[in-house]
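Asks: Mind folding the following:
(one chain, ligands or ions: 1)
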Amino acid sequence: MITRRLLRYLIPHRKALIGAFFFLFIATAAEMTGPLLIKVFIDDYLVPERFPSTPLIFLGASYLGLHLIAVVLQYLQQYSFYRIALAVIQQLRMDVFGKVQYLGLAFFDRVADGSLVSRITNDTEAIKELFVNVMSTFIKNSVLIIGVVIAMFLLDTKLAMISFILLPLLFGLMQAYRFLSFKVYRVVRETLSEMNARLSESIQGMGVVQAWRQEKRFADEFDEVNEQHVQANVKNMKLNSLLLRPAVDILSIATLIVILTYFGIGVGDSAVQIGVLYAMINLLGRLFEPVNQIMMQLSFLQQAIVSAGRVFELLDEKELAPSKEGEGNPEIQEGRITFEHVTFSYDGKTNVLKDISFVVEPGQTVALVGHTGSGKSTINNLLMRFYSLQQGRITIDGNPLETFVDQELRKQVGLVPQDPFLFVGTIRDNIRQGNDALTDEVVQGAAELVQADSFIEKLPGGMNEPVVERGATFSSGQRQLLAFARTMAQSPKILILDEATAHVDTETEEKIQEALYRMRQGRTTLAIAHRLSTIQDADLILVLHQGEIVERGTHQELLTRQGLYHKMYLLQQGLKEEVNV
Ligand SMILES: Nc1ncnc2c1ncn2[C@@H]1O[C@H](COP(=O)(O)OP(=O)(O)OP(=O)(O)O)[C@@H](O)[C@H]1O
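Replies: Next up, the predicted model:
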């Protein structure tokens, strides 16, 4: 099943494959003819001690010519198989990477990034071996084996049949190896994946690792998985060294003994000529070499099959990012958002949002406040359509969220995430975000609107200043401003702000507040705020508690009510003592 699916990747390369087969076939035939020529030389010339020059020169030249042809064609077939293999793997990697881009966030919640990287790099690499080496070795050596077998039967049918007496043992051996090694390889690949996961986790959290002096713990944990990986490899090596080459070698010696015994018995009847025996033993040597080659590749074959299983699992993953459903192509004109009785759970067990209903009128700002874990980000995640809605309805301008095409939704709903993520490239690339339709003026305008231009201008490269991975060389306030500029360059109708004012100094915060104020003008905004001082001018504040909206109103209304919001507000004002909690 897995092998068949892998082989399907060869279909687009069938012409090149036929060419490679052709080269292989001719090269093998040329190679095979060699011993037959030597047999003619021994039986017809050496044994009778006849050495006429013309036929012998012809014989020698033919031998040399055939050898040359074999070498050239060997090169051509090897090159062809390699090209095909590389093309197949390139396609496979593109397929996997393409698939990963469309997986839902729920999938990434449960699968470690390192392990995903491992599937896209290491596992496809192991599959590459199948097409580069395993397949060509199997085909080449099978053709060789067939060639040798034919030559053996042409030489002496009886002797050839005797040589194959031990053949069933070889098949038994192959089956035993495949059965035993499958499990071991699975462990090898899984532990490798786990190591990548740990590595990626510790690199991403290096600051925390060092700050909490977790280096030893991480190293120990890594070591444990590393040890499991080594052990699995050792087991695998034992299997390889026991069942592959040595077993075949024993089998080849046993076959030789059988043939010599037969010859020893049969020579009295002068049934077998010495030249025939020489050629037969020569052919037997040539038979077991390809068998050995195939056996050695069995280990790579198994690796490839296990890895392919893991890659196909990923390709078949059903947990896709939610996308458009239903008829029509609605557009976002005004930006009126409604949540109607939305209940949501990440794990299918605990509801983290319970019966949430509210309306954000066009141009209004609605703020979400509440203790940590109360469900604020979850509301944003649903509005961003990162997760599929389970119960209730979300609409924009009266159209259900799921009816929008991705392009419209992503263009009109701009997200400023909690932790802005910058990509490798330049500042301009990060603001433009691959949208070539955005002119330099628009990019500059967006930077000016959010007041990011003043710090960008001071950079040596200005807009072309390089950004390293995750924007690590910029401060969090600068990253925040760049993320604002990126969102504003799109000019969305709706803004989703997630704790946009965390962790910055007062001056930067003022700048950010000013930027946010400008950004919100004329846009529908849903904002998460931990600092209540920043959302006092919101048209509506929703107070969440354990997934429910427990209070709603303006800042003044909520203070008058003297409920949870009031308590939170006083706490933040440093007036804890006045609150009876
Ligand atoms: N990806 C996820 N998978 C499973 N559970 C999650 C996920 N994200 C959040 N949760 C759970 O959902 C609940 C609500 O989380 P949410 O992030 O919406 O809270 P929040 O109010 O935004 O918190 P904070 O203010 O700390 O960001 C929490 O109990 C959290 O454990």
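Asks: separation between residue 414 and residue 383?
Replies: Distance check for residue 414 against residue 383: by Cβ to Cβ, to the nearest Å, it reads 12 Å. The C-beta positions use only the backbone N, C-alpha and C, and glycine is treated the same way.
Asks: ok, now residue 519?
Replies: In terms of Cβ to Cβ, residue 519 sits 17 Å off from residue 383.
Asks: Do you know the pLDDT at the closest residue to residue 113 other than its chain neighbours?
Replies: Spatially, and ignoring its direct neighbours in sequence, residue 113 is nearest to residue 200 (5.2 Å; Cβ to Cβ, 6 or more residues apart in numbering). Listed pLDDT for residue 200 reads 84.
Asks: Let me see the contact set for residue 200.
Replies: Taking Cβ atoms under 8 Å, 6 or more residues apart in numbering, we find residue 200 in contact with 112-114, 117.
Asks: that older thread, between residue 414 and residue 383, what contacts are shared?
Replies: Both residue 414 and residue 383 are in contact with residue 496, where contact means Cβ under 8 Å, 6+ apart.
Asks: all strands of the stretch 251-400 of the chain, in order?
Replies: Applying DSSP state E, counting those that start in this stretch to the stretch 251-400 of the chain gives strands spanning 337-344, 353-360, 365-370, 391-396, 399-400.
Asks: Mean pLDDT added to the ones you listed, as a markdown table?
Replies: What follows is these, written out as a markdown table (pLDDT from 0 to 100):
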| stretch | mean pLDDT |
| --- | --- |
| strand 337-344 | 94 |
| strand 353-360 | 94 |
| strand 365-370 | 92 |
| strand 391-396 | 93 |
| strand 399-400 | 92 |
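Asks: Residue 401 against residue 386, yeah?
Replies: No: counting by Cβ atoms under 8 Å, residue 401 does not reach residue 386; the two are 11.2 Å apart.
Asks: any idea which helix or strand carries the closest residue to residue 131 other than its chain neighbours?
Replies: Nearest residue to residue 131, sequence neighbours excluded (Cβ to Cβ, 6+ apart): residue 85, at 3.2 Å. Residue 85 belongs to helix 53-101 when assigned by DSSP states H and E.
Asks: go on, residue 435?
Replies: Per DSSP H and E, there is no helix or strand for residue 435.
Asks: That one and residue 411: what is the separation?
Replies: To residue 411, residue 435 is 9 Å away according to Cβ to Cβ.
Asks: Give me the more crowded residue out of these two.
Replies: Between residue 435 and residue 411, counted using other Cβ atoms under 10 Å, the more crowded position is residue 411 (17 against 13).
Asks: what residues are up against the more buried one?
Replies: Contacts of residue 411 by Cβ under 8 Å, 6+ apart are 490, 492.
Asks: Repeat that for the one 10 residues further on.
Replies: With contact set as Cβ under 8 Å, 6+ apart, residue 421 has these partners: 470-471, 483.
Asks: Point out the least confident one among those residues.
Replies: Minimum confidence in the contacts of residue 421 sits at residue 471, scoring 72.
Asks: Confirm for me that that residue is in contact with residue 425.
Replies: No: judged on Cβ under 8 Å, residue 471 makes no contact with residue 425 at a distance of 10.0 Å.
Asks: Which one of those two is surrounded by more residues?
Replies: Between residue 471 and residue 425, residue 471 has the larger neighbour count (other Cβ under 10 Å), namely 20 against 15.
Asks: Any figure for the gap between the nearest residue to residue 169 once chain neighbours are set aside and residue 81?
Replies: Distances taken as Cβ to Cβ, 6+ apart place residue 251 nearest to residue 169, at 6.1 Å, with adjacent residues excluded. Residue 251 sits 28 Å away from residue 81, going by Cβ to Cβ.
Asks: More neighbours: those two, which one.
Replies: Just comparing residue 251 and residue 81: by other Cβ under 10 Å the higher neighbour count belongs to residue 81, 24 against 19.
Asks: Help me confirm that residue 518 is found in a helix?
Replies: Yes: note on residue 518: a helix contains this position according to DSSP: H, G, I helix; E, B strand; the rest coil.
Asks: mind checking pLDDT for the closest residue to it other than its chain neighbours?
Replies: In space, and not counting its chain neighbours, residue 518 is closest to residue 449: 5.7 Å by Cβ to Cβ, 6+ apart. We note a pLDDT of 84 for residue 449 in this prediction.
Asks: Hmm, residue 485 and residue 449 touching each other?
Replies: Yes: with contacts counted by Cβ under 8 Å, residue 449 reaches residue 485, the gap being 7.4 Å.
Asks: Look at the two and report which has more neighbours.
Replies: Per other Cβ under 10 Å, whichever of residue 449 and residue 485 has more neighbours is residue 485, with 27 against 18.
Asks: Show me what whichever strand or helix holds the more buried one is packed up against.
Replies: In this assignment (DSSP H and E), residue 485 forms part of helix 476-490. For helix 476-490, the contact count by 3 or more Cβ pairs under 8 Å, 6 or more residues apart in numbering; DSSP states H and E identifies strand 413-416, helix 427-432, helix 440-449, helix 506-520 as packing neighbours.
Asks: coming back round to it: out of residue 401 and residue 386, which sits in the more crowded spot?
Replies: Of the pair residue 401 and residue 386, residue 401 is the one with more neighbours under other Cβ under 10 Å, namely 23 against 17.
Asks: can you pull the contacts of the nearest residue to the more buried one once chain neighbours are set aside?
Replies: Nearest in space to residue 401, with sequence neighbours left out and distances taken as Cβ to Cβ, 6+ apart, is residue 394 at 4.3 Å. Contact analysis of residue 394 by Cβ under 8 Å, 6+ apart lists 337-340, 342, 382-383, 400-401.
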